[in-house]
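**Student:** kindly return the folded structure for what I paste below:
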Amino acid sequence: MSEVNNCKFYKLTAYGARCLLIGVDEWHKIGSRYKQYCKNKGMGCPILAQFLNSNKKDMIYLKEVRKIVFRQEF
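**Tutor:** I've put the predicted structure just below:
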């Protein structure tokens with residue numbers, strides 16, 4: 001999996017490469033439609049846009065994801 005152009009939320013997990021912003025079952029149902037966005041740094045992704053435009057509670061969650069999953073600031 002080439003990670004150079006991948007979205008920060010598209011990661012290899014125990015369930016395979018997937019978007020971390022949606023559940024495993026949902027990814028298996030709709031992931032094929034969204035992979036193009038994942039492999040293009042998330043540009044134009046409606047899931048990412050919805051997440052980034054969500055309420056403050058979700059932004060606190062995003063900070064926790066950064067700490068736990070990525071171990072870096074971006």
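**Student:** residue contacts, the residue nearest the centre of the chain?
**Tutor:** When Cα atoms, centre = their mean is applied to the chain, the residue found nearest the centroid is residue 9 (2.5 Å). Applying Cβ atoms under 8 Å, 6 or more residues apart in numbering, one finds that residue 9 lies in contact with 19-21, 38, 42, 48. C-betas here are computed from N, CA, C, even on glycine.
**Student:** select the longest helix from the protein.
**Tutor:** For the chain, the helix that runs over the most residues, judged by DSSP state H, is helix 24-38.
**Student:** got the buried residues for the next helix or strand after that helix?
**Tutor:** Toward the C-terminus, helix 24-38 is succeeded by helix 46-52 as the next helix or strand (DSSP states H and E). For helix 46-52, burial by neighbour count (16 or more other Cβ atoms under 10 Å) applies to 47-48, 51.
**Student:** ok, now stretch 32-41?
**Tutor:** Along stretch 32-41, the positions that meet the burial threshold by neighbour count (16+ other Cβ under 10 Å) are 34, 37-39.
**Student:** let me see the mean pLDDT of the longest helix of the chain.
**Tutor:** Model confidence over helix 24-38, given as mean pLDDT, is 93.
**Student:** what does stretch 52-65 give?
**Tutor:** Stretch 52-65 carries an average pLDDT of 68.
**Student:** end to end, how far does stretch 10-22 reach?
**Tutor:** For stretch 10-22, the separation between the terminal residues is 10 Å (Cα to Cα, to the nearest Å).
**Student:** tell me the buried residues in it?
**Tutor:** Buried residues in stretch 10-22 (16+ other Cβ under 10 Å): 10-11, 17-22.
**Student:** show me the contacts for residue 34.
**Tutor:** Here residue 34 is in contact with 19, 45, 47 (Cβ under 8 Å, 6+ apart).
**Student:** again with residue 20
**Tutor:** Under the criterion of Cβ under 8 Å, 6+ apart, the contact list for residue 20 reads 9-11, 13, 65, 69.
**Student:** got those residues as a markdown table, with secondary structure and distance to residue 26 columns?
**Tutor:** Formatted as a markdown table, the entries for the contacts of residue 20 read as follows, by DSSP: H, G, I helix; E, B strand; the rest coil; distance: Cβ to Cβ, whole Å:
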| residue | secondary structure | distance to residue 26 |
| --- | --- | --- |
| 9 | coil | 14 |
| 10 | strand | 14 |
| 11 | strand | 16 |
| 13 | strand | 14 |
| 65 | helix | 17 |
| 69 | helix | 18 |
